[in-house]
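Student: Quick check, what structure comes out for this input:
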Amino acid sequence: MDEQATDILAQLARLRADDAPTHGGRVLSYVYDSGLAELDELARAAAASVQSVNGLDPTAFPSVARMEADVIDFAVGLTHGHRRDTPVAGLVTSGGTESCLLAAKSARDRWHARGGEGTPVIVAPVTVHAAFHKAAHYFGLELDLIPVDDGGVVAVGDIVTRLTPQTALVVVSAPCYPFAVLDPISAIAAAAAERGIACHVDACIGGWVLPFWEDGENPLPPWDFRVDGVSSISLDAHKYGYAPKGASVLLFADPDAKRAAAFATTQWPGYPVVNPTMLGSRSAMSLAAAWAVIAYLDRNGFGELTARCRQATRVLQDCVAGIDGLRVVGRPVGPLFAVTADSAVPEDHRVDPHIWADRVRELGWVLQPQPGLGQTSGVVLPRTTHLTVTPVTADDLDDLTAALRSAADDVRGTPPVDLTELLSAIPELAVDDVLDTADAQRILGTLGLDSGSGPGSALPDQLAPVMALLDVIPPRRAEALLTELLARLNER
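Tutor: Numbering: from 1, shown residues only. All right, here's what the predicted structure looks like:
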């Protein structure tokens, strides 16, 4: 490598200096660290070997289709798709969001093909991933969100009563991201099948780990293609498949549904366009890395990594259960869970989860705050802090649990951030409407959140006040301000 190339890589290292660490288990969200250095190196080499390959046309690059077939087949095995009389078909996408978008697009188009008129509807618990909000927005669908109880559990009857001829798709989660709840998939899928409605299982976070989660003590209810009525499943290889971002798999019980997810046109003077996924030209690097990781680990390797996740998850949940003022939300399934204040203890013993998360960050560990949510049922979902556990988490449990306890001791009794005076001072915050860029910048400046645009700008160190703001201002106003806050980070 010549001197110029060395200097460029050094500059890249400087740019990454402020990034959260992607290895070592210090970040309990976003990253999925197997703890196996040899696996990272294998994925890196596999990706580099196809750096110039274009996944747009597998007739020119047949390796793409061959790798996809292997990855899809492994995912079919994980989800018991080989047991079906008809073959399960699949796609490899750029991530869970694209998989969810394509599941919705396929259901919409098939609903119209069956004679559906008007606006098709997606019915799902309110805990469904935000990707389905995006799917509804992009594809002209209505999203009918069903309230859940304060543990994140949806009642089957509440779903069933909302199924109508307009319903194109029902979505359930295995598990949901906010609280790690495994939805009642068998009953909901059966009800959907009786009405001829597609049922998608979003197993983006659970699909590669739940098949290995059972230990004989607490068997999981079936959630995959063992369940009659499940028409599609999404599962991300870049989560607990330990592949680099972005690689996900979308499986269909009916091959025709896979075809309905595609886009094709010959109505232009260029080459015939046939895109099985949303992208045209697409990198094969994440695909090759996922293919190599699967070949290296196989089922035994995934099982061993899952056992480490399970051990660490139990230790952390027990730790939280032993902290005065905090509790785990509901009955989580898999290597993730949410923590909230324990309302059963006196206020001076409670620990606000967002203030706690900020203090844990100061001690060197990054947790993920989640805002509360008021539902149409009147049940308010509590503000929480989310933890995603990976195999490497097991390597440093003593330090992590000590930090969780110490942070709770430091902030116990501190009341949640109160923004009453701020709302009075800035009445514009209470308006449920969109904002233009200039107004959004002005409001952010008033809030002290406008640190300037470009590479030198930064998000606030303390997230509790930001999350408190999201709890009290209308959704569209919050979305506009957050969009502006993030948009400015890469604007010069």
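Student: Setting aside sequence neighbours, what's the nearest residue to Ser34?
Tutor: Spatial nearest neighbour of Ser34, excluding adjacent residues (CB to CB, 6 or more residues apart in numbering): Tyr242 at 4.4 Å. For the C-beta atoms, the positions are set from N, CA and C on the backbone; glycine is no exception.
Student: buried stuff in the worst-scoring helix or strand of the chain on mean pLDDT?
Tutor: Sorted by mean pLDDT, DSSP states H and E, the helices and strands of the chain end with helix 420-425, the least confident at a mean of 79. Of the residues in helix 420-425, those with enough neighbours to count as buried (16 or more other CB atoms under 10 Å) are Leu422.
Student: Doesn't the residue nearest to Ser34 belong to a helix?
Tutor: No. Following the definition DSSP: H, G, I helix; E, B strand; the rest coil, Tyr242 is coil and is not counted among the residues of a helix.
Student: Wait, it touches Thr306, no?
Tutor: No. With contacts defined as CB atoms under 8 Å, Tyr242 does not count as touching Thr306, sitting 10.8 Å away.
Student: Looking at the two, which has the bigger crowd around it?
Tutor: When Tyr242 and Thr306 are compared on other CB atoms under 10 Å, the one with more neighbours turns out to be Tyr242, at 27 against 22.
Student: and that one, what is it in contact with?
Tutor: Remark: with contacts taken as CB atoms under 8 Å, 6 or more residues apart in numbering, Tyr242 is in contact with 32, 34, 36, 39, 43, 293, 297, 305.
Student: let's see 6 Å
Tutor: Tyr242 is in contact with 32, 34, 293, counting by CB atoms under 6 Å, 6 or more residues apart in numbering.
Student: Which of these fall in helices?
Tutor: In helices, judged by DSSP state H, the following of the contacts of Tyr242 are found: Val293.
Student: Nearest to Thr384 among the contacts of Tyr242?
Tutor: When the contacts of Tyr242 are compared for distance to Thr384, the smallest value, 20.4 Å, is given by Tyr32; criterion: CB to CB.
Student: so where's the stretch 101-250 of the chain uncertain?
Tutor: By pLDDT under 70, the low-scoring segments of the stretch 101-250 of the chain are 215-217.
Student: Would you list the phi and psi of Ala168?
Tutor: Summarising the backbone geometry of Ala168 under the convention degrees, to the nearest 10, its torsions are phi -100, psi -20.
Student: how is this protein carved up into domains?
Tutor: Domain segmentation of the chain under automatic domain parsing yields 47-293, 420-490.
Student: Ends of the last one, what's the gap?
Tutor: It stands for domain 420-490. Start and end residues of domain 420-490 are separated by 32 Å (CA to CA, to the nearest Å).
Student: Please report the distance of Pro369 from Pro382.
Tutor: Taking CB to CB, to the nearest Å as the criterion, Pro369 is separated from Pro382 by 12 Å.
Student: One more: Val329?
Tutor: In terms of CB to CB, Val329 sits 7 Å off from Pro382.
Student: Pick out whichever of these two has more residues nearby.
Tutor: Val329 (23 against 18).
Student: so what's the more buried one scoring on pLDDT?
Tutor: For Val329, the model assigns a pLDDT of 97.
Student: State the helix or strand in which the residue nearest to it when sequence neighbours are not counted lies.
Tutor: The spatially closest residue to Val329, leaving aside those adjacent along the chain, is Ala338, at 4.4 Å (CB to CB, 6+ apart). When elements are assigned from DSSP states H and E, Ala338 belongs to strand 336-341.
Student: what are the pairing partners of that strand, and which direction each?
Tutor: When sheet partners are counted by DSSP bridges, strand 336-341 sits next to strand 326-328 (antiparallel), strand 384-388 (antiparallel).
Student: Identify, out of these, the most deeply packed stretch.
Tutor: strand 384-388 (a mean of 26; mean count of other CB atoms under 10 Å).
Student: Report the buried residues of stretch 295-315.
Tutor: Along stretch 295-315, these residues count as buried under the neighbour rule (16+ other CB under 10 Å): 297, 301-302, 305-306, 308-313, 315.
Student: Would you format those residues as a markdown table with pLDDT included?
Tutor: Supplementary listing: the buried residues of stretch 295-315 in a markdown table, determined by pLDDT from 0 to 100:
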| residue | pLDDT |
| --- | --- |
| Leu297 | 97 |
| Gly301 | 97 |
| Phe302 | 97 |
| Leu305 | 97 |
| Thr306 | 97 |
| Arg308 | 96 |
| Cys309 | 97 |
| Arg310 | 95 |
| Gln311 | 95 |
| Ala312 | 97 |
| Thr313 | 97 |
| Val315 | 97 |
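Student: Go through those and name the one nearest Val466.
Tutor: Thr313 (27.6 Å).
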